[in-house]
Structures are given as C-alpha cells and as structure tokens.
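**Student:** build me a structure from this.
(one chain, ligands or ions: 1)
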Amino acid sequence: EKGGFKHFMLKEIHEQPDVVKNTLMEFSEIEKVVGKFSKFKRICFVACGTSFHASLVGKYLFETLLGIPTDVLLSSEFLFSEGALDKDTLVILITQSGETADTLKALKIANKKSETLAIVNVLGSTATREADHVIYTRAGPEIGVAATKTYVCQLVSIYMLVSAMSGNDKLLAELQKVPDHMKQALENEDHIIEIAKKYKDANDFFFIGRGFSYPTALEGALKLKEITYIHGEGYAAGELKHGPLALIDDNVPVLAVVPPGESHDKTLSNIEEVKARGAKVIAVGSSKDEVLKSESHDIMGFDGDISEMLSPIPYVVPLQLLSYYISVERGIDPDKPKNLAKCVTVE
Ligand code: F6R
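**Tutor:** As a prediction, the model looks like this:
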C-alpha cells in the first residue's frame, strides 16, 4: 500500500507531480464556479496550519493579479473579524479534510453574511455540503499526518482560480510546467539526504523568505516542527532585524528560500546578516545562481526557469524532503508524529 516507499509521507511527496497534473484538469470546473460568483470587493481566506500557508500565497496572487484587497485569517481567530463581513466579501475556506472544527465554525459564521467558497480535498466532507461554492483538489487520499501533496494541490487550485477570474492564460500555461520542476527536486533526493544528515542534530532552525517565498518559509518550518520535533521558526526575511536576529548564532542553521526575481537581492542581504553571526545557510534557489551558491553553505537547486510567482509550488518540495529525512535520521516515524491527528475535530 506504500507502493515500495518506506512511509506514506515519502510516497505522497513523490506523487506530487502526478496529483498536480490531475488537479490541473479541474480548470473547466473552476471556470464554472467563477461564472456563478456575484460581484465582490474583498476576499477573506480562512484556514488552519498548512492550508493557512496556501491561503497566504493566495493573498499575494489576488492582490498582484486582480488588485482585490485580500485578508488571510486563522480559522480560530475568524470570530473576532466577523464585524467586517458583508455581502461584498467572498470568504474562501481552505481545508484538506473538509472537517476541521475551527474552519467549519468559521464557515457557519461566514455563511450568514457573505458568499462562501470551500477548497477541499475530501469528497462529500462537511465543508463541501455547507459552502455556497466548492472546488476540489485532486490530491487523492493523504494518509501521512503531515500535509504534503494536498498543499501543492491547494496552491494549484488557487492559481487556477485567479487565472479564471483574471483571464490570465499566461499563468495557466506556466502552471503546466510546474510538475517537471517538482520532479527535479525529487531527482535531487540523495543530495537532500546528505544535507539532512549534516543538520539533524540542530535544536533550532530559521526559515526565511520574502513575498511569494514567505509562505514557503512558514510551511518549511511547520513541517520541521511536526515530524522532527526540532524548533523551526518561519520568518519574513525583512523582519529578522526587528528582533529575532538576536537568536542567530553558529548553532542555528538558516534555510533561505531565494528564487530569482524581485525579492532575490534583498533576501541575499539577509543571508549576509545571518552569516555574519555565524549561521550556516541552506538555500533553495536556481542552480544557475552563482551568487547564491557562493553565499550559502548548501544549496537545494532547480534548473530551468520558473517565475517567482509560481515558485511556491516546486520550492516547497525540497523542504518537505529535508524534514522527512531529518525525521528518519532522528528515528521518528514521520507518518505518526506524537500528539498530532490528521484531522482536528475539536475547536
Ligand atoms: C500540517 C497539517 C495541519 C493541517 C491543519 C488543517 O502538516 O497537516 O496543519 O494543515 O490541521 O487541516 P485541514 O486542511 O484538513 O483543514
């Protein structure tokens, strides 16, 4: 049932190029959903955990390509923002399981005042029955507790939604190249195993990124915490100097997410800051980026061109693999981390 892989998580990481392709086939369904939308002036994403990180990418996309003001709220905090809901707001709930209690509670509240759209992986789940509109991700069942393939499919669904709403065919065309980029990270697995062995005994890690790479940094840190029990802190790279830089020294590796593009040079200067404090830097970026290579101690690189805007999908793959292999090196079962359930059904 694990298809020859040691754990479900590893199998699910490897399934990602295929499930992304399956999700891409949903574009015409998404166009139908968009055709039913009323007019709205604001978007509000609501989600927990990994689905919250997918929502953060959604915010930057909606604001960059559609100019629609977009908020992202944690489901458990949504209650406190109810006052700003109105009929001009589209509330988008992202939930893999469709059963997360906090998200279902938020959906109930949102349904009273606004139009709701749920992006869900599990067919027929509660969220799909209660939301006004539904988009299905086509990740297939996810058994590992840590969300991997469902995250990348959520991202693909959000990109397609924005593409359908804006008529941006270029984005849609570029999305088709994403599965091949993801395969590159999977082909680099041996190199990632070496990096995992090198850093497995760290007690703290920082993950930094800007713009479209900020949610990737948060997601990398969450994966690390969940399945390796190492403290991983995800931070907007530009925020480091507003406090947490005090924690950086030669015992704290820093993983920097640095795709080529607008944020590149600024994140590089953050790399210099952490290196000046003794930190070892692991970078995720382009294999052609000679400056990044010379500035970092280890690099998990991608060949070929993918835009900064689309980089969140392939760039999360090496981070998933790094946490997976650190978990295995530390003798942990990544499929069943302690104290965590696949679906959180209590508020
Ligand atoms: C992280 C993880 C959790 C879930 C969160 C939301 O790997 O699995 O953080 O993302 O519990 O779950 P859903 O998406 O089912 O609402």
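
**Student:** need the pLDDT of the nearest residue to S263 once chain neighbours are set aside.
**Tutor:** Excluding the flanking residues, the one nearest S263 by CB to CB, 6 or more residues apart in numbering is R210, at 3.8 Å. For the C-beta atoms, the positions are set from N, CA and C on the backbone; glycine is no exception. Looking at R210, its pLDDT reads 98.

**Student:** residues near R210, how many?
**Tutor:** When neighbours are defined as other CB atoms under 10 Å, R210 has 23 of them.

**Student:** wait, it touches G238, no?
**Tutor:** Yes - counting by CB atoms under 8 Å, G238 is a contact partner of R210 at 6.1 Å.

**Student:** got the CA positions of stretch 308-320 in CSV?
**Tutor:** Below are the C-alpha coordinates for stretch 308-320, written out as CSV (Å, rounded to 0.1, in the frame of the first residue of the first chain):
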residue,chain,number,x,y,z
GLU,A,308,9.0,33.8,-8.7
MET,A,309,5.2,33.9,-8.6
LEU,A,310,4.9,30.1,-9.3
SER,A,311,8.0,29.1,-7.2
PRO,A,312,5.9,28.3,-4.1
ILE,A,313,4.8,25.0,-5.7
PRO,A,314,8.1,23.4,-6.6
TYR,A,315,10.2,25.1,-3.9
VAL,A,316,8.3,23.5,-1.1
VAL,A,317,9.3,20.0,-2.3
PRO,A,318,12.9,20.1,-1.1
LEU,A,319,11.7,21.4,2.3
GLN,A,320,9.3,18.5,2.7
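
**Student:** ok and the residue in the stretch 101-250 of the chain nearest the ligand?
**Tutor:** Here the residue of the stretch 101-250 of the chain nearest the ligand is A147; by CB to the nearest ligand atom that distance is 3.7 Å.

**Student:** with the chain instead?
**Tutor:** Across the chain, the shortest distance to the ligand (CB to the nearest ligand atom) belongs to G49, at 1.9 Å.

**Student:** spatially nearest residue to the residue of the stretch 101-250 of the chain closest to the ligand, not counting backbone neighbours?
**Tutor:** What sits nearest to A147 in space, not counting adjacent residues and going by CB to CB, 6+ apart, is T50, at 4.0 Å.

**Student:** is it true that A139 lies in a strand?
**Tutor:** No - counting by DSSP: H, G, I helix; E, B strand; the rest coil, A139 is located in no strand; its state is coil.

**Student:** tell me the contacts of it?
**Tutor:** Neighbour list for A139: E15, V19, N22, T23, Q96, N121, K149, T150, V152, C153 [criterion: CB atoms under 8 Å, 6 or more residues apart in numbering].

**Student:** and V46, by the same measure?
**Tutor:** 55, 72-75, 78, 91-94, 103, 106-107, 110.

**Student:** element containing it, please.
**Tutor:** strand 42-47 (DSSP states H and E).

**Student:** just the CA atoms of that strand, as CSV, please.
**Tutor:** The C-alpha trace of strand 42-47 is given here as CSV (Å, rounded to 0.1, in the frame of the first residue of the first chain):
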residue,chain,number,x,y,z
ARG,A,42,-12.9,41.9,-0.8
ILE,A,43,-11.6,38.4,-0.3
CYS,A,44,-11.1,36.8,3.0
PHE,A,45,-9.2,33.5,3.2
VAL,A,46,-9.8,31.3,6.3
ALA,A,47,-7.8,28.2,7.2
